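Enquirer: Following is a predicted model, sequence given first.
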Amino acid sequence: MPTDHYREAEQRARQALPIADPAGALVLAQLAAAHATLALVDATKATDLTVYRASHDSIVFGHYTTREAAREHCETLVRRDVGDAPMLGWIPDDESPDAPEELCTGDVPEGGTGYVVTALTVAATYDPEADE
């Protein structure tokens, strides 16, 4: 979603294009650049982030910004052990959207492989009341 600074940068850049006066165009271009920089600052303001941990038992293989990447890591490790033949599937612990998921295959008696993808929320700022 474009911010006010982003819109302002676009507007100033459009205004600078048709101006015949080089000094005026330069001023508008500099304003556009300043607002573009402020738009980048707005876009990088701290927000909570969800990362996905790929693991097996207590061994963590990595943290990823997408669930798909964490799944791919686990699936690659399982395929090294079981090959391409068995069908793999992900089973969530519960119905919540961020529930941990375990990689399952028909070749394991219980179905579970022990490879798990877990969603973790990384807080952008400290909340002293969260410890209460």
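Expert: Nice, thanks for sending it over.
Enquirer: Check the protein for its longest strand and report it.
Expert: The residue-count maximum for a strand in the chain (DSSP state E) belongs to strand 112-122.
Enquirer: neighbouring contacts of it?
Expert: 48-57, 63, 67, 70-71, 74-75, 77-78, 90-91, 98-105 (C-beta atoms under 8 Å, 6 or more residues apart in numbering). Using the backbone N, CA and C atoms, a C-beta is placed for each residue, glycine as well.
Enquirer: Go again with 7 Å.
Expert: Residues from elsewhere that reach strand 112-122, judged by C-beta atoms under 7 Å, 6 or more residues apart in numbering: 48-57, 67, 70-71, 74, 77-78, 98, 100-105.
Enquirer: Can I have the buried ones of those residues as a PyMOL selection?
Expert: Selection command for PyMOL covering only the buried members of these, criterion 16 or more other C-beta atoms under 10 Å:
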select buried, resi 51+52+53+54+55+67+70+71+74+78+100+101+102+103+104+105
